[in-house]
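Chemist: Sequence and predicted model, in that order:
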Amino acid sequence: MSPYREVDHTADWALHVWAPTLEELFVEAARGMYALTGARAEPGVTVRRRVELTADDHESLLVAWLQELLYFTESEELAFTGYHIAHLEPTHLRAEVEGGPTGRLDKMIKAVTYHNLKINRTADGYDTTIVFDV
């Protein structure tokens, strides 16, 4: 018998996401992430941010994308509801996001992890499961 065993870690959240295109997968991942936190943009004020990222592959780009959105949420107290991905390649993403100031979050995400992260091509498009450290 081995001197160790795997145990469930209740501090993490996992989100399964699917969409017909990669661009929509990235958008749905962002929407799902904000739904987990309970973050909502307050009505009346619209804020736009440009996002341009480079990474090694689609999985790394997805992590960078979600981390960048979390950065805006933490540093500027913004939540986004509109997403326009203008350019997405395996190593480059260019987008504009739209939202507004957010009030209290139900739960804060510390980080987007690479834990078992793989974007899969399916008969209906793409899917992945993202694990968040909370």
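Modeler: Great, that's in hand. Since we're looking at a predicted model, the values are computed, not measured.
Chemist: Provide the secondary structure category for D127.
Modeler: Three-state assignment for D127 (DSSP: H, G, I helix; E, B strand; the rest coil): strand.
Chemist: actually P43, not the one I wrote
Modeler: Assignment for P43 (three-state DSSP): coil.
Chemist: so it makes contact with G100?
Modeler: Yes. Counting by CB atoms under 8 Å, P43 touches G100, with 7.3 Å between them. Yep, even glycine has a C-beta here, placed from its N, CA and C like the rest.
Chemist: out of these two, which sits in the busier spot?
Modeler: Remark: of P43 and G100, G100 carries more neighbours, 18 against 7, as counted by other CB atoms under 10 Å.
Chemist: Could you confirm that one falls within a strand?
Modeler: Yes. Counting by three-state DSSP, G100 is found in a strand.
Chemist: Quick check: mean pLDDT of the strand of greatest length in the chain?
Modeler: In the chain, assigned by DSSP state E, the strand with the most residues is strand 78-89. On average, the pLDDT along strand 78-89 is 96.
Chemist: Name the SS class of the residue most central in space within the chain, please.
Modeler: Taking CA atoms, centre = their mean, the centroid of the chain lies closest to L66, which sits 3.3 Å from it. For L66, the assignment made with three-state DSSP gives helix.
Chemist: How about it: what's its closest non-neighbour residue?
Modeler: Leaving aside its chain neighbours, L66 sits nearest to V112 (4.4 Å; criterion: CB to CB, 6 or more residues apart in numbering).
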